[in-house]
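Engineer: Output the structure for:
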Amino acid sequence: MLNVLEPRYSIPSRKRMSEEIIPKLYNEVKQKITLSLTTADRVALTCDGWTSRHQDTYVTITCHYLDDWVLISNVLQTRAMQDSHTGANICALLSDALEEWGLTKKDPIIVTNNNATNMIRAVEMMELLHIGCFAHTINLASQAALKLPAISRLLGRVRRIVTFFHRSANANKVFKEKQRLLNLPCRKLTIDVVTRWNSALDMLDRFLEQQPAISAALLSPELLDEMRSTAGDSTVIKELKSAIHDNLRFRYANLKEKLYVASALDPRFKTLPFISDEEREDTFTTLISEIVTLEQVKQQGSDSAGNGGSAPVQEQKSLSEGDSDPSPAPPKRSKESCALLDLLGAAYVCAPVADRAREEVGKYREVTPIPLSDDPLKWWCKHEGVYPLLSLQAKRYLCVPGTSVPAERIFSTAGDIITAQRSCLLPEHVDQLLFLQKNYSFQ
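Structural biologist: As a prediction, this is how the structure comes out:
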């Protein structure tokens with residue numbers, strides 16, 4: 001077609017595409033993302049490993065940060081794991097990524113799958129804050145509850161019946177006839193999957209919906225007795241909730257304080273109705289303490305940058321003039337200085353910041369929470385000037401994704417790129433193609 005439209009046009013060769021055009025485009029987009037990352041106060045990373053259809057193992061890293069109260073998400077890199085997938089090797093890979101993208105001083109947080117013990121170990125070795133994927137945590141806690149004897153027996157019986165209708169063509173035919181006779185929706189029975197807890201709920205919902213057709217097809221009154229509500233159901237439900245609660249409490253034991261602060265900074269949940277009054281007050285006290293600490297670090301950084309290099313110059317000048325006393329003269333007291341400030345200044349330097357922080361937190365707590373359907377980032381964008389100190393903490397917490405799903409979404413995209421017809425793709429080209437597919441529209 002191109003030859004007919006423009007015979008003089010030369011189509012780029014495979015070599016030129018892979019060695020010139022794609023790498024050039026990759027470097028252009030990478031420079032834009034690197035420049036944008038320099039403005040981020042804090043970054044959150046998600047990472048996960050996956051295996052291609054050619055049994056090559058890769059680790060993909062995504063980055064999330066706030067830019068003018070807009071959550072920006074980018075795929076940073078996809079690296080092949082040639083060595084064993086130990087925590088030390090993954091730690092080296094993550095450390096190289098932070099160094100390459102200039103994120104070591106951005107106080108990064110890493111979100112990973114709770115089942116990936118090597119990932120968790122790598123983050124521990126890097127001494128970074130690790131957040132377990134909320135979706136995986138809920139699944140693990142729910143699966144632990146579904147293993148209770150009463151629940152497991154019930155799910156096992158339903159699963160065997162559903163499997164029978166899936167495998168038997170004759171049984172499925174009778175089942176469809178009963179659906180039409182009973183005016184039930186003509187939908188298939190679903191079966192649960194271990195990796196998705198809600199699939200068990202979907203299986204039971206569909207089973208109860210089609211229960212008349214199932215019982216008519218099987219002519220089994222015992223099944224009806226099993227599914228009918230009984231007095232013992234309340235005990236089972238209590239055991240189910242207790243198992244989920246205990247599992248979640250164990251998994252979030254070390255992160256409870258951070259998660260409470262994150263919830264407090266979300267204007268939808270800032271009343272913290274799910275905890276006690278004492279825990280609520282402790283949470284806002286912790287938030288005030290973090291605000292003061294952040295301001296101290298910023299002040300120390302500005303002081304060291306402003307005073308650097310002054311003392312060596314003075315000493316060099318004195319020695320060059322041949323003074324008999326090589327010790328430098330004591331520095332003159334500034335006009336703003338006084339004896340009381342020299343004596344107690346270090347202890348009271350942060351008092352104004354603490355007072356401002358308490359004032360902002362008090363005003364923030366008095367405001368009515370916004371509806372759950374509203375965007376908390378848009379709320380903070382409008383009220384940043386009202387809460388200048390509190391908004392800095394909101395930027396540090398609300399940029400962290402709750403799950404590692406952004407990294408896992410790369411798996412399906414990678415399956416479209418690494419096909420059977422592209423078995424010779426080098427890891428470098430896989431990285432570039434995935435990077436461009438997800439980031440090319442980045443502005």
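Engineer: Wait, Lys178 touches Ala217, no?
Structural biologist: Yes: using CB atoms under 8 Å, Lys178 is in contact with Ala217, at 5.1 Å. Placement of C-beta: from N, CA and C, glycine included.
Engineer: Next, count neighbours for Leu389.
Structural biologist: If you count neighbours by other CB atoms under 10 Å, Leu389 ends up with 17.
Engineer: thinking again about what came up before, more neighbours: Lys178 and Ala217, which one.
Structural biologist: Comparing Lys178 with Ala217 by other CB under 10 Å, the one with more neighbours is Ala217, at 21 against 17.
Engineer: Now do the SS call for that one.
Structural biologist: helix (DSSP: H, G, I helix; E, B strand; the rest coil).
Engineer: Wait, it touches Ala171, no?
Structural biologist: Yes: between Ala217 and Ala171 there is a contact at 6.7 Å, judged by CB under 8 Å.
Engineer: any shared contact partners between the two?
Structural biologist: Overlap of the contact sets of Ala217 and Ala171 (by CB atoms under 8 Å, 6 or more residues apart in numbering) consists of Phe165.
Engineer: and stretch 6-18, how far from the chain's centre?
Structural biologist: Relative to its chain's centre, stretch 6-18 lies at 41 Å (CA atoms, centre = their mean, to the nearest Å).
Engineer: export it as PDB, just CAs?
Structural biologist: Extracted in PDB, the C-alpha atoms of stretch 6-18 (Å, rounded to 0.1, in the frame of the first residue of the first chain):
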ATOM      1  CA  GLU A   6       4.500   6.900  -2.300                       C
ATOM      2  CA  PRO A   7       7.000   4.700  -4.200                       C
ATOM      3  CA  ARG A   8       9.900   6.900  -3.100                       C
ATOM      4  CA  TYR A   9       9.300   6.200   0.700                       C
ATOM      5  CA  SER A  10      11.600   3.700   2.200                       C
ATOM      6  CA  ILE A  11      10.100   1.700   5.100                       C
ATOM      7  CA  PRO A  12      12.400   1.600   8.200                       C
ATOM      8  CA  SER A  13      14.000  -1.800   8.600                       C
ATOM      9  CA  ARG A  14      13.800  -4.000  11.600                       C
ATOM     10  CA  LYS A  15      17.300  -3.100  12.600                       C
ATOM     11  CA  ARG A  16      16.700   0.600  12.300                       C
ATOM     12  CA  MET A  17      13.500   0.400  14.400                       C
ATOM     13  CA  SER A  18      15.200  -1.600  17.200                       C
END
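Engineer: Quick one: mean pLDDT over it.
Structural biologist: Stretch 6-18 shows a mean pLDDT of 88.
Engineer: and what of stretch 33-53?
Structural biologist: Stretch 33-53 carries an average pLDDT of 90.
Engineer: the domain parsing of this structure - what is it?
Structural biologist: What automatic domain parsing lists as the domains of the chain is 25-133+402-439, 140-243, 255-300+346-400.
Engineer: Go through the ones you listed and pick out the most buried.
Structural biologist: domain 25-133+402-439 (a mean of 17; mean count of other CB atoms under 10 Å).
Engineer: Now His64: which helix or strand?
Structural biologist: Assigned by DSSP states H and E, His64 belongs to strand 57-67.
Engineer: roughly how far is the helix or strand harbouring Gln296 from the heart of the chain?
Structural biologist: Using DSSP H and E, Gln296 falls within helix 277-307. Relative to its parent chain, helix 277-307 has a centroid offset of 24 Å by CA atoms, centre = their mean.
Engineer: Kindly report the same for stretch 185-194.
Structural biologist: 31 Å.
Engineer: Can you list the neighbours in contact with it?
Structural biologist: 143, 155, 159, 162-163, 165-166, 175-176, 179-180, 199-200, 202-203, 206-207, 209-210, 214.
Engineer: For Leu189, see how far away the closest residue to His54 other than its chain neighbours is.
Structural biologist: The shortest distance from His54 to any non-neighbouring residue, by CB to CB, 6 or more residues apart in numbering, is to Ser423 (5.7 Å). Taking CB to CB, to the nearest Å as the measure, Ser423 falls 39 Å from Leu189.
Engineer: Same check on Gln432?
Structural biologist: According to CB to CB, Gln432 and Leu189 sit 45 Å apart.
Engineer: same deal with Leu5?
Structural biologist: Distance, Leu5 to Leu189, using CB to CB: 54 Å.
Engineer: Going along the chain, name the helices of the stretch 51-200 of the chain.
Structural biologist: 87-100, 117-126, 134-146, 149-167, 169-181, 198-209 (DSSP state H, counting those that start in this stretch).
Engineer: quick check: angle from the fifth one to helix 149-167?
Structural biologist: Using axes from the mean of the first three to the mean of the last three CA atoms, to 10 degrees, the interaxial angle of helix 169-181 with respect to helix 149-167 works out to 100 degrees.
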